[in-house]
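Chemist: prediction below, plus the sequence it came from.
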Amino acid sequence: MSEFALGQRWISDSESDLGLGTIVAMNGRRISMLFPATGEQREYVMDSAPLTRVSFNPGDKVESAEGWSLTVAQVVTEDGVNIYLGQRDDNSEVAQLIETRLNHHLKFNKPQDRLFTGQIDRNDWYSLRYDSLRLQHKYQTHPLVGLAGARTSLIPHQLHIAKEAGQRIAPRVLLSDEVGLGKTIEAGMIIHQQILTGRSSRVLILLPESLQYQWLVEMLRRFNLKFAIFDEERCAEYQADDENPFETEQLIIAPMALLSESESRLSQALTAHWDLVVVDEAHHLKWSQDEVSDQYAAVEKLASVSAGLLLLTATPDQLGHESHFARLRLLDPDRFHSYQAFVDEESGYQAIADLAKTLVSEEDLTAQEIEQLGQIQSINIDDNAAQLNNKEPEIRQIARQKCLKGLIDQHGTGRVLFRNTRASVKGFPKRCVLPVKLDLPQEYKAACDWWLNRNADAISQNQVDEKLVAPLLTPEFLYESAINDEIEWWRVDPRVDWLSEQVKENKTDKFLIICARASTALTLEQAIRVKHGINASVFHEGMSIVERDRAAAWFADQDEGCQLLICSEIGSEGRNFQFARHLVLFDLPLNPDLLEQRIGRLDRIGQKNDIQIHLPYFEGSASETIFKWQHYGINAYAQTCPAGIHVYEQQKEFLLSILGQNNHNDDDLAPLIEKAKVQVETLNQQMEQGRDILLEINSKGFDGEAIAEQIEKIDDDTELVAFMLQVFDVYGVSQDDKGDRCLAVNPTDHMLEPHFPELGDGGMTVSFERDAALAREDVRFISWDHPMVQGCFEMINAGEIGNNTVSLLNNKALPEGTYLVELIYVVETSAPKQLQPGRFLPPTPVRILLDKAGNNLAANVSFDNLNKQLKPVGRQVGSQLATALQVQVHELIVKAQSIAESACGELIEQAVESIKQNLGDEYQRLESLQKVNPNIRAIELESLAQQQSELVEHIQQARVKFDALRLVVVSHQA
Ligand SMILES: Nc1ncnc2c1ncn2[C@@H]1O[C@H](COP(=O)(O)OP(=O)(O)OP(=O)(O)O)[C@@H](O)[C@H]1O
């Protein structure tokens with residue numbers, strides 16, 4: 001220990017937050033130390049004082065108590081007290097600073113300061129710090145950031161779409177997979193990638209109000225994205241403070257009506273900047289050349305101010321070109337400016353579509369087809385031609401896929417539109433159709449007759465519309481409103497007893513019951529409770545959103561939930577009920593698309609059983625007629641029937657007139673059914689011919705399986721688990737094995753940092769395994785993308801823990817007492833996040849290992865190799881070694897700095913080269929494609945060029961930061 005002298009500055013090893021202490025008194029073997037920053041005074045026994053002398057070396061910057069600083073050129077000592085001589089940094093004057101006047105608040109968080117002031121960390125903390133840098137670097141350069149870490153099953157068609165759209169700059173796409181194939185999940189994957197890679201930060205999701213909590217929960221549970229739900233009340237609160245409500249959060253979910261029904265809210269939303277606007281159930285955006293709905297108009301305005309746009313709809317109306325065009329127009333109004341031009345352009349796709357069909361088939365290409373392909377601009381067919389008909393299937397497939405990718409890039413709507421169908425995805429459960437013929441009660445017959453009489457004029461004038469027919473399909477409503485309000489309908493309706501029997505017979509199964517009307521749902525719930533003692537949950541538009549979610553959650557609860565959920569029609573849109581296998585259509589909707597939406601609640605990803613579709617209908621009534629038409633005519637229950645809606649539109653007049661009759665018989669219906677069958681067949685053929693083969697290929701892609709495999713590999717890698725367990729240990733987070741490959745992690749009262757990322761007081765259950773996390777709702781899936789892992793990187797790198805250590809090396813080949821200094825630097829840029837500098841130069845660790853002569857051994861002795869051979873030392877011994885070697889270590893740090901700077905220069909050069917190559921290639925590709933495919937938007941090109949120049953500029957400013965230091969002393973006794 002150095003000699004003590006009055007006025008010297010010391011730091012307490014155990015209470016470094018007291019700041020710098022000054023020796024104010026010396027009394028025999030005791031000293032008194034005042035800590036001016038905190039006003040504390042302490043007494044120490046000289047021999048055992050846990051104190052470290054604060055002294056600086058030439059080259060260090062020191063700060064005075066008055067606030068000015070000085071770069072030390074020379075150190076002189078008078079009566080044991082240091083005086084630092086050098087130039088002031090503010091006015092360049094030569095000055096001297098006696099240590100008594102050093103800034104009392106000086107914090108020693110730089111590696112060398114902490115080392116020389118005795119704040120020496122454990123060896124394993126130091127290793128953890130370096131691991132964190134290495135792993136963060138690896139993470140940031142991984143091509144699947146934001147895609148690999150979502151808490152989802154790996155479904156190839158989704159992964160393909162999500163990667164394709166999620167990695168674009170300002171993606172503008174229509175996601176139109178069939179009902180239940182995972183559009184919400186695809187959108188989440190796109191948003192997640194955009195946010196994690198810095199491409200987007202402000203996102204607005206617009207949807208029907210009934211779906212807002214479902215989205216909120218999906219975004220949180222699957223992607224850890226914390227959205228805020230906005231409604232009128234919340235907006236009004238902010239407005240009172242003169243704030244634009246939409247600027248108060250980054251990630252917002254709002255009901256569509258909030259903007260489409262309020263000019264002022266819309267204009268506020270328009271002035272808030274958005275990177276991405278998402279519109280769910282986009283089929284509600286009605287548009288025709290003559291009439292534009294409020295919702296469409298609102299989205300059109302938002303679409304013009306937002307960089308990115310995702311539209312989601314399961315029913316993009318495959319044959320109705322006008323409405324389909326309208327949605328494409330939202331995505332790119334320049335490209336899709338005129339409906340007629342769109343139609344004309346589409347007719348030109350035929351030849352290309354034919355070529356694409358041959359390319360996906362087994363057939364050999366003819367010489368003429370190969371020539372045709374060669375004529376298509378930008379495809380370099382020469383290299384590929386010989387392989388297209390190669391007998392070796394793998395070679396042939398690669399060549400053909402390359403050609404198809406070129407065609408998709410250059411033609412059609414491939415880049416803006418994605419649509420997968422059950423037929424193309426496969427693996428969905430069977431739909432079992434279970435019709436149940438019931439007697440039509442006299443009371444219902446009377447009610448229907450009453451209704452028909454009331455509308456006799458319209459019927460006689462052949463003006464039967466849906467409004468007239470729909471009530472005939474819900475006779476309970478006619479009965480109740482017109483005939484009798486004393487005897488409740490459920491007392492006469494045979495569906496009630498039939499339903500109760502079904503439920504009792506299948507006690508362990510869940511039933512979803514959909515009725516057209518809320519009043520029916522409510523009464524039915526009472527009826528089966530009162531009459532049969534069966535409890536059910538209801539779900540209808542009269543309930544608040546919170547009540548609806550509660551009802552849905554009760555139904556979803558596998559252990560204590562209810563067996564039945566009775567919904568009005570609002571239960572048929574967007575909701576997830578695939579854990580149920582029985583669907584009861586208590587009545588039938590006229591519209592085949594609505595029917596598909598209803599069935600889609602159960603027939604969706606995650607459904608593990610064949611679906612039992614129960615269809616109770618009344619003999620000799622409108623319900624029997626519509627059932628037969630839908631089942632035998634368009635086959636709408638057993639499978640999806642995209643043509644159904646068009647056949648319905650074509651036959652509507654006649655079909656409605658039959659439905660609007662007093663008597664129903666097969667003679668009237670039979671010809672209609674026959675005709676419907678033919679029409680479905682014809683339309684299917686037309687669709688097959690007009691099939692946008694490029695769209696299909698683009699939607700399914702070739703890379704989905706490969707991406708899934710890549711992600712599985714990441715999942716199987718144990719590096720993350722090892723790292724996080726080490727972080728938990730070092731930072732004092734407790735871990736308990738909960739079984740099922742899950743871990744309960746909890747804060748403790750001996751944590752190194754008071755707040756551990758994402759860990760609340762109550763702790764959480766986590767799993768590093770995808771399947772285990774997917775199996776239980778309450779388990780968080782810890783992946784590289786998870787905010788806890790990202791937060792740990794940040795916590796470790798921003799803090800000082802582990803930034804220095806002292807270790808012993810027992811290596812007989814080296815002389816006793818010699819030493820090595822290991823120095824970790826980080827090359828950093830400060831480019832804005834949206835430029836994603838991490839793609840080219842993420843924070844990169846540079847490791848230098850100097851021997852006492854200043855030779856860099858890093859290339860010969862790896863970190864792990866050295867680490868294995870080291871023995872830890874206690875703090876006191878470490879501090880003594882550091883003090884003894886302070887001058888030598890200091891010289892080596894100066895040397896290492898210049899090595900690090902030249903490494904930084906090399907990294908910058910490589911990064912700039914890579915930017916030019918990657919973005920330059922991408923620019924050229926898009927530029928040549930733009931000549932043949934106007935779907936490549938000009939903004940993509942401009943933005944790419946600008947991005948390139950800004951990136952180069954920022955990356956050239958990259959600097960090295962000294963991050964950590966390890967002093968290794970050779971000892972043959974260790
Ligand atoms: N990759 C996946 N992993 C786990 N669950 C998934 C995955 N994809 C979809 N799901 C689940 O399947 C169901 C259907 O997905 P989603 O809601 O995204 O479909 P959708 O196409 O948006 O449906 P709709 O047309 O009804 O709006 C949801 O419960 C969703 O959580």
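Modeler: That came through, no problem. None of these values were measured; they are calculated from a predicted model.
Chemist: burial of the residue in the stretch 1-150 of the chain that the ligand sits nearest to, as a residue count?
Modeler: Going by C-beta to the nearest ligand atom, the ligand is nearest to residue 150 of the stretch 1-150 of the chain, at 7.9 Å. Using the backbone N, CA and C atoms, a C-beta is placed for each residue, glycine as well. The number of residues packed near residue 150 is 26, by other C-beta atoms under 10 Å.
Chemist: could you say which helix or strand holds it?
Modeler: Here residue 150, judged by DSSP states H and E, is contained in no helix and no strand.
Chemist: in the stretch 251-400 of the chain, what residue is nearest the ligand?
Modeler: residue 314 (3.8 Å).
Chemist: list the residues that contact the residue nearest to that residue when sequence neighbours are not counted.
Modeler: Nearest residue to residue 314 in three dimensions, chain neighbours excluded: residue 179, at 4.2 Å (C-beta to C-beta, 6 or more residues apart in numbering). Residue 179 sits next to 314, 596-597, 599-600, 603-604, 640 when contact means C-beta atoms under 8 Å, 6 or more residues apart in numbering.
Chemist: please apply the same query to residue 919.
Modeler: Counting by C-beta under 8 Å, 6+ apart, residue 919 has contacts 944, 947-948, 951.
Chemist: residue 843 and the ligand, how far apart?
Modeler: Using C-beta to the nearest ligand atom, to the nearest Å, residue 843 is found at 32 Å from the ligand.
Chemist: contacting residues for that residue?
Modeler: 133, 136-137, 140, 797, 826-828.
Chemist: can I have the buried ones of the residues you listed as a ChimeraX selection?
Modeler: Buried residues among the contacts of residue 843 (16 or more other C-beta atoms under 10 Å), as a ChimeraX selection:
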select :133,136,137,140,797,826,827,828
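Chemist: of the contacts of residue 843, which belong to helices?
Modeler: Here DSSP state H is the test, and the contacts of residue 843 give 133, 136-137, 140, 797 as lying in helices.
Chemist: redo those as CSV? Include distance to residue 207 and pLDDT.
Modeler: Compiled in CSV, those are given as follows (distance: C-beta to C-beta, whole Å; pLDDT from 0 to 100):
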residue, distance to residue 207, pLDDT
133, 41, 96
136, 35, 94
137, 38, 93
140, 33, 88
797, 38, 89
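Chemist: near the ligand too, which of those residues?
Modeler: The subset of the ones in helices among the contacts of residue 843 within reach of the ligand, counting by C-beta under 6 Å from any ligand atom, is empty.
Chemist: of the contacts of residue 919, closest to residue 855?
Modeler: residue 951 (35.8 Å; C-beta to C-beta).
Chemist: how many neighbours does that closest one have?
Modeler: 24.
Chemist: wait, isn't it in contact with residue 832?
Modeler: No: counting by C-beta atoms under 8 Å, residue 951 stays clear of residue 832, with 9.9 Å between them.
Chemist: what's the helix or strand for the residue nearest the centre of the chain?
Modeler: The centre of the chain sits closest to residue 192, judged by C-alpha atoms, centre = their mean, with a distance of 2.6 Å. In this assignment (DSSP H and E), residue 192 forms part of helix 183-196.
Chemist: domain boundaries for this protein, per the record?
Modeler: Listed domain ranges for the chain are 9-107, 156-338, 350-410, 435-700, 717-785, 804-970 (source: automatic domain parsing).
Chemist: can you pull out the helices in the stretch 351-500 of the chain?
Modeler: 367-375, 381-388, 393-410, 422-425, 442-454, 456-460, 466-469, 475-478, 494-505 (DSSP state H, counting those that start in this stretch).
Chemist: and what about the closest residue to the ligand within the stretch 601-750 of the chain, helix, strand or coil?
Modeler: In the stretch 601-750 of the chain, the residue that lies nearest the ligand is residue 605 (3.5 Å; C-beta to the nearest ligand atom). Following DSSP: H, G, I helix; E, B strand; the rest coil, residue 605 is assigned to coil.
Chemist: next, count neighbours for it.
Modeler: 18.
Chemist: what residues does the stretch 301-450 of the chain put near the ligand?
Modeler: So the stretch 301-450 of the chain meets the ligand at residue 314 (C-beta under 6 Å from any ligand atom).
Chemist: so where's the stretch 301-450 of the chain uncertain?
Modeler: 316-321, 348, 376-386, 409-414 (pLDDT under 70).
Chemist: burial check on residue 732, number of neighbours?
Modeler: By other C-beta under 10 Å, the residues close to residue 732 number 14.
Chemist: hmm, residue 746 and it touching each other?
Modeler: No: shown here, residue 732 and residue 746 do not form a contact pair, counting by C-beta under 8 Å, at 10.4 Å.
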